[in-house]
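In: Show me how the following folds:
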Amino acid sequence: MKQAIQIGAGNIGRGFIGALLAQAGWHVTFADVVEPIIEALNKDHRYTVHILDREPGELMIENVSGVISTSPEFARQVAQCDLITTAVGPNVLPIIAKSIAGGIQARIQAGNTQPMNVVCCENGLRTTTRLKNEVIKHLNEEEAAFLEANIGFADCAVDRICPKPNFENILDAAVERYCEWDVERAAWKGEQIEIPGMTYADDLMAYLERKLFTLNSGHAICAYLGSLKGCKTILESIQDPAVGKIVHAAIRESGEGLIKEFGFDPDVHHAYVEKIFARYQNPFLEDEVLRVGREPIRKLEAGDRLIKPLTTAAAYGLPVDHLLFGAAAALRFDCPDDKQSVELLDKIKREGAAAALEAYSGLKPENPLFGRILDIYRALAVV
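Out: Next up is the predicted model:
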C-alpha cells in the first residue's frame, strides 16, 4: 500500500488533500504538533468530511494515523514513504524544512533510493520550490545530491474552500464540493500516480495565477471590506451590495490581466470568474472573514493576491479601479489575534500608511497605483 505523509492536520489537510489520498487507497499519516489531533487519529483511524454545499454529503475517511512532526518517528516514516504533502501555510514551510531534511537523512541511511515526491498544497506561488530551497539548507553536498536524484519537489495549484469546522468530533472536517489540485508534471520523480481529483499540468503557472488572481484575490478583498462593515462571514460580506459589487468587478479586472498574460480564451475565463463568484455565495459555508483575512502582510507581498493582479492588469493598461480596494482595505484589517494584523497596524500607527504600503507591497511612491491605494485607504476610514 502506498504511504503518504500529510504535514498539517488542519481542516485543509484532513478535508481536502488527506481525504483525496485516503479515498485513492493510500495510507495517510498526518503529521502535526497538535497532540489532541494526533492522539485522536491514532485512536479512531477515521473521520468524516462534511460537504457543505447545495448538494451536501458526507465522506468517511479511513486508514489514517498521526505522528508528531517534530518526533524521531516522523523521520523514520519519511524514510519509507512515497509522498509528502503539506497544508501548513507558506510561513511555516521554513520551520518544517528541518524535520523533512532529517527524514531525508534517515532515508539515505536506510538505503531507500525509491522515488519520493513532495507537494506543498499552499496558497501561494511556487511554494514547493521554496520548501526545497529551505530543506537543502539543512543537507550537506552528498545529501543534496541524493535529493536531486531521488526526490521530486513538484509545485501545484490547489483550490477548495475549507471553512473552520464546528463538529463534536475534532477530526471531522468541512469543505465545499468543488475542488481542484493541479500538480506540475515536469518536476515529478518516478512513475506518475493516479489520484482522483488530482491532475498533472504542463503550464502550472497559468493555473497558479488564475487561482491567485481570482479566488484568492476576491476572497481576500471580500474579507477585508466585509470586516470594515462589521460582517462576520464571507457570505454576509458578499451579500452586502457595495462589497459584492466591488469584489465581482475586481475579479473581472484581474481576469482581463490574466487573459492578456496567458492567452486564456475570454469566454472560458469569464465563465470561470462567474463560477468563482458563485462559490463565495454558498449559503452552507460559514467561512469567517477573520480567518480569510489573516496574515495581511503576506497577502500584501508583491507576488501575492492583492498586488500581483493589480500590477499585472495595470501593466497592460487595463482598468484597476476595483482591484485597488484590496490593498487599501488590507491596510485597515484589524484582528488582535493575528500577529501580522497587529504588526501592520502598529507600523501604520508609528510610521504612517504610506511607509507600511511601501515596506510590505514593494510598490514605490512614484508608482501611480501607490497614491490611488492611499486615497482609497483614507476614504475607507469613514465606511
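In: What is the burial count for Y178?
Out: 16 (other C-beta atoms under 10 Å). Bear in mind the C-beta positions are built from the backbone N, C-alpha and C, glycine included.
In: How about residues contacting the helix or strand containing F30?
Out: F30 is located in strand 27-32, with elements delineated by DSSP states H and E. Residues from elsewhere that reach strand 27-32 (C-beta atoms under 8 Å, 6 or more residues apart in numbering): 1-10, 13-14, 18, 21-22, 37-38, 41, 63-69, 74, 77, 81.
In: Sort out which of these are in strands and list them.
Out: Using DSSP state E, the subset of these located in strands is 3-7, 64-68.
In: Beyond the lowest-mean-pLDDT helix or strand in the chain, next helix or strand please.
Out: Across the helices and strands of the chain, mean confidence by mean pLDDT, DSSP states H and E is lowest for helix 204-211: a mean of 91. Downstream of helix 204-211, the first helix or strand assigned by DSSP H and E is helix 217-228.
In: Which other helices and strands does the least confident helix or strand of the chain contact?
Out: In terms of contact count using 3 or more C-beta pairs under 8 Å, 6 or more residues apart in numbering; DSSP states H and E, helix 204-211 is assigned the packing partners strand 156-159, strand 180-184, helix 241-262.
In: Tell me what angle that helix forms with helix 217-228.
Out: 30 degrees (axes from the mean of the first three to the mean of the last three C-alpha atoms, to 10 degrees).
In: what does helix 204-211 rub up against?
Out: 125-126, 155-159, 180, 182-184, 201, 258, 261-262, 264, 269, 272, 308.
In: Which entries within these meet the buried criterion?
Out: With burial judged by 16 or more other C-beta atoms under 10 Å, the buried subset of the contacts of helix 204-211 is 125-126, 155-159, 180, 182-184, 201, 258, 261, 264, 269, 272, 308.
In: contacting residues around the nearest residue to A79 once chain neighbours are set aside?
Out: Computed as C-beta to C-beta, 6 or more residues apart in numbering, the closest residue to A79 that is not its neighbour in sequence is A106, at 4.0 Å. With contact set as C-beta under 8 Å, 6+ apart, A106 has these partners: 75-76, 78-79.
In: Tell me the secondary structure of A106, please.
Out: helix (DSSP: H, G, I helix; E, B strand; the rest coil).
In: cool, L318 as well?
Out: coil.
In: Return the distance of it relative to L235.
Out: To L235, L318 is 29 Å away according to C-beta to C-beta, to the nearest Å.
In: higher neighbour count, those two?
Out: Neighbours per residue (other C-beta under 10 Å) separate L318 from L235, with L235 holding more: 19 against 16.
In: The more buried one contacts E286, doesn't it?
Out: Yes. With contacts counted by C-beta atoms under 8 Å, L235 reaches E286, the gap being 7.4 Å.
In: Could you dump the helices and strands packed on helix 204-211 into a markdown table and include distance to P336 and mean pLDDT?
Out: What follows is the helices and strands packed on helix 204-211, written out as a markdown table (distance: least, C-beta to C-beta, whole Å; pLDDT from 0 to 100):
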| stretch | distance to P336 | mean pLDDT |
| --- | --- | --- |
| strand 156-159 | 29 | 94 |
| strand 180-184 | 34 | 96 |
| helix 241-262 | 22 | 97 |
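In: ok, for the residue nearest in space to the middle of the chain, nearest residue in space, not its chain neighbours?
Out: Geometric centre of the chain, nearest residue: N123, 2.0 Å, by C-alpha atoms, centre = their mean. Distances taken as C-beta to C-beta, 6+ apart place N216 nearest to N123, at 5.8 Å, with adjacent residues excluded.
In: and the one you found, what pLDDT?
Out: For N216, the model assigns a pLDDT of 94.
In: so it sits right up against E122, yeah?
Out: No. N216 is not in contact with E122 according to C-beta under 8 Å; the separation is 11.0 Å.
In: Quickly note the distance from the residue lying farthest from the centre of the chain to V268.
Out: Ranked by distance from the centre of the chain (C-alpha atoms, centre = their mean), the top residue is G111, with 33.9 Å. According to C-beta to C-beta, G111 and V268 sit 49 Å apart.
In: Equivalent analysis for A223, please.
Out: Applying C-beta to C-beta to A223 and V268 gives a distance of 27 Å.
In: Compare the two and say which is more crowded by neighbours.
Out: A223 (31 against 9).
In: ok, that one - contacts?
Out: A223 makes contact with 234, 237, 289-290, 292-293, 333 under the criterion C-beta under 8 Å, 6+ apart.
In: change it to 6 Å
Out: 289, 292-293 (C-beta atoms under 6 Å, 6 or more residues apart in numbering).
In: do G15 as well
Out: Residues in contact with G15 (C-beta under 6 Å, 6+ apart) are 49, 162, 173, 175.
In: what would these look like in CSV with neighbour count and secondary structure?
Out: What follows is these, written out as CSV (neighbours: other C-beta atoms under 10 Å; DSSP: H, G, I helix; E, B strand; the rest coil):
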residue, neighbour count, secondary structure
V49, 25, strand
C162, 24, coil
A173, 27, strand
V175, 24, strand
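In: now, which of these sits nearest T86?
Out: Proximity of these to T86 (C-beta to C-beta) peaks at C162, which lies at 14.4 Å.
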